[in-house]
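> Next comes the sequence, and after it the predicted model I'd like to discuss.
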Amino acid sequence: MATGLTAADLTDGEFRLRIRDWLSENLTGRFAGLRGAGGPGREHEAFEERIAWDRSLHAAGWTPLAWPAEHGGRGATLSQQLIFYEEYARAAAPARVSHIGEQLLGPALIAFGTPDQRQRFLPAIASVSELWCQGFSEPGAGSDLASVATSARLAGQEWEITGQKVWTSLAHLADWCFALVRTEPGSRRSDGLSMLLVPMRQPGVTVRPIRQLTGTSEFNEVFFDGARTPAAMVLGRPGEGWRVARFLLGVERGAATFGQQIVFRAEFDDLVAQARRTGAAGDPVLRAKIARAWAGLEVLRAYALDTIAGPDQAAGGTGAEASVMKVLWSRWHRELGELGMDVAGAAGMVAARSPYELDGWQRLFLFSRTDTIYGGSDEIQLGIIAARGLGLAREPGGRA
Ligand SMILES: Cc1cc2nc3c(=O)[nH]c(=O)nc-3n(C[C@H](O)[C@H](O)[C@H](O)COP(=O)(O)OP(=O)(O)OC[C@H]3O[C@@H](n4cnc5c(N)ncnc54)[C@H](O)[C@@H]3O)c2cc1C
């Protein structure tokens, strides 16, 4: 790292000053226009420049923030991660483009990968030279992920993959996909699945964008039609895919939401500023809703701090705490989008520019409708909380 110091050598105060200074010195020149760019519903914004920005973060030694130093990461403590995200949001630095590889796959490679796989993939993820997408959901397997039907069979020294994935975020930009597929013919449910690492740029892979309410296309259908990947590209043992998938879902619902908390606070602050500007803050009903949102944000923060480093996450499981977190933040954020429209009033109903160019709050409102769906829907999280957290009987045929 540029400082020549590992994260452990710095006090939290020193760490804060260094990242603050670095951001203010570097969000200038060619990167000055990136403030506030990107994020859900706006991933198309300044994409190439944001890749360059992500690379500069890595070159300066800031990322991958949470990976241990021996795997090429910054090895930041939890409190340093929190400080990083606080300063990152304060500087309005752009949304990261490499988060799926860095925050989801990276930890799984460290936990389950062979030395060869780690050596092959971790440096390329860290330096943002390869982007990843997550191939879990299928038309017949979303909440019921164990119904995955995409299959792969060994043909010589390669897996040959056939089937369809859907809602695959950023697949149109990804170089690789970690895909949950059925590798044991005739196996059922969570048995016989494997996590394959599949190159996206090959003749057997077709990516078809799906247009969203926001007018943008961030997720896709992905068709595997005899796609190939070497036999060694299986993460965990063949047949162990469910275990790896559960680990990944635990990370997605838990530790990976850390930075999100800080973004939420920046969005909330912007909402309050808007309400002051438009006079909406004088409306007693809106004032009460804003106050309630603030209280909700405080609960989120407290719960995250209390549980994110807890045994549940350390074990990488998809336990009840990660599900409680998912239910809390997704509902809170969806309601924030609605509140944003309340504050905007009638103007919120009209696109900022013809034919369909939305402003930040309109996009947030529309995109946040998905918060209670992706990463496991609300109903599924409540089922997990009931079964694992409270020990209540599972529903017949339940999937928790
Ligand atoms: C913005 C966004 C990004 C996404 N990105 C990705 C990605 O990158 N990779 C990927 O693999 N997937 C991705 N997904 C897919 C996401 O994981 C699925 O949409 C989600 O798991 C729900 O699956 P489904 O859409 O098939 O809905 P279904 O499973 O068909 O569910 C439909 C409704 O029925 C409810 N339901 C289902 N089962 C039960 C039950 N047992 N009890 C009670 N209610 C139930 C659900 O809660 C939901 O309300 C993304 C989704 C969104 C919205």
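Done, it's in. Residues are numbered from 1 along each chain as shown.
> where are the low-confidence patches of the stretch 151-300 of the chain?
Scanning the stretch 151-300 of the chain for pLDDT under 70 picks out 254-256.
> At which residues are the strands of it located?
151-155, 158-165, 176-182, 193-199, 205-210, 219-230, 234-235 (DSSP state E, counting those that start in this stretch).
> how about the residues of the stretch 201-350 of the chain near the ligand?
Contacts of the stretch 201-350 of the chain with the ligand, taken as Cβ under 6 Å from any ligand atom, map to Phe219. C-beta: built from backbone N, CA, C; applies to glycine.
> wait, what's in contact with the residue of the stretch 201-350 of the chain found nearest the ligand?
The stretch 201-350 of the chain approaches the ligand most closely through Phe219 (5.1 Å), counting by Cβ to the nearest ligand atom. By Cβ atoms under 8 Å, 6 or more residues apart in numbering, the contact list for Phe219 reads Trp167, Thr168, Ser169, Leu170, Ala171, Pro209, Ile210, Gln212.
> go with 7 Å
Taking Cβ atoms under 7 Å, 6 or more residues apart in numbering, we find Phe219 in contact with Trp167, Thr168, Ser169, Ile210.
> Name the residues linked to it by a beta bridge.
Ile210 (DSSP bridges).
> Can you classify Gly375 as helix, strand or coil?
coil (DSSP: H, G, I helix; E, B strand; the rest coil).
> ok, which stretches of the chain are helices?
For the chain, the helices defined by DSSP state H cover 12-26, 47-59, 78-90, 99, 106-112, 115-126, 241-253, 258-278, 284-307, 311-314, 320-344, 360-367, 378-384.
> is it possible to export the ones you listed to CSV including distance to Ile161 and mean neighbour count?
CSV is the format used below for the helices of the chain (distance: least, Cβ to Cβ, whole Å; neighbours: other Cβ atoms under 10 Å):
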stretch, distance to Ile161, mean neighbour count
helix 12-26, 41, 16
helix 47-59, 27, 18
helix 78-90, 35, 19
helix 99, 25, 18
helix 106-112, 19, 20
helix 115-126, 18, 16
helix 241-253, 13, 22
helix 258-278, 32, 17
helix 284-307, 37, 15
helix 311-314, 31, 16
helix 320-344, 29, 21
helix 360-367, 30, 22
helix 378-384, 26, 19
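> so which of the strands of the stretch 151-300 of the chain gets nearest Gly340?
strand 219-230 (22.5 Å; Cβ to Cβ).
> which residue does the stretch 51-200 of the chain bring closest to the ligand?
Distances between the stretch 51-200 of the chain and the ligand by Cβ to the nearest ligand atom are smallest at Gly142, namely 1.8 Å.
> From the structure, what's the count of residues near that residue?
Gly142: 17 surrounding residues under other Cβ atoms under 10 Å.
> where are the low-confidence patches of the stretch 301-400 of the chain?
In the stretch 301-400 of the chain (pLDDT under 70), the answer is 308-319, 395-400.
> Please tell me how far the closest residue to Leu23 other than its chain neighbours sits from Arg20.
Distances taken as Cβ to Cβ, 6 or more residues apart in numbering place Ala91 nearest to Leu23, at 4.1 Å, with adjacent residues excluded. Taking Cβ to Cβ, to the nearest Å as the measure, Ala91 falls 8 Å from Arg20.
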